[in-house]
Structure formats: structure tokens, C-alpha cells
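Participant: Below is the sequence, then the predicted model.
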Amino acid sequence: TNYTNYANGNAASKPFVDEAVLADPAVYPDDATIKLLWAPKPFSEEQDRALTRAWQDIKSG
């Protein structure tokens, strides 16, 4: 975490993380920001096939 500036999911490691990294809201957002976060829904099979076809077209020229 100190080297990569990427959040660590292991809460027990926090005492070993630099204060500057812990204080960086881009690495460890506050609770109010976390409440606003959301995960995208997975694609349907139809959407997934369309995306795969489009990507294959891009890769093959």
C-alpha cells in the first residue's frame, strides 16, 4: 500500500500504512463517499455477446 498507493483490504495492516496514504481520500475515501459508491450490474447474455462481437471486430480490423 505504501509503495503502490492502492488501498489494502486487510484492516490489520493499517498501523503499517503511511499516514499520508491513509489521509488520501483517493485511496481511502471517507464513509460519506463510500455510501455514494455503487457497483455496475453485470451485462445480460445479449449485451455480453454484442460487446464480444464488437471487440472482435475492433481487434480484427
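Facilitator: Everything's here; your move. Keep in mind that what you see is a predicted model, and the values were worked out from it rather than measured.
Participant: Quick one: low-confidence residue ranges for the chain.
Facilitator: Scanning the chain for pLDDT under 70 picks out nothing.
Participant: and the lengthiest helix in it, how far out from the chain's middle?
Facilitator: Among the segments of the chain that qualify as a helix by DSSP state H, the longest is helix 45-60. Between the centre of helix 45-60 and the centre of its host chain there is 23 Å, according to CA atoms, centre = their mean, to the nearest Å.
Participant: Enumerate residues external to that helix that contact any of its residues.
Facilitator: Phe43 (CB atoms under 8 Å, 6 or more residues apart in numbering). C-beta here means a position set from N, CA and C on the backbone, and glycine is covered the same way.
Participant: cool, and stretch 20-39?
Facilitator: Contacts for stretch 20-39 (CB under 8 Å, 6+ apart): Thr1, Asn2, Asn5, Tyr6, Ala7, Lys14.
Participant: Could you do stretch 1-9 as well?
Facilitator: Ser13, Lys14, Phe16, Val17, Asp18, Val21, Asp24, Val27, Tyr28.
Participant: Contacts only, for the fourth one.
Facilitator: Translated: Val17. Taking CB under 8 Å, 6+ apart as the test, what Val17 contacts is Thr1, Asn2, Asn8.
Participant: cool, and the fifth one?
Facilitator: Contact criterion CB under 8 Å, 6+ apart gives Asn2 as the residues in contact with Asp18.
Participant: Check which helix or strand Pro42 maps to.
Facilitator: For Pro42, there is no enclosing helix or strand under DSSP states H and E.
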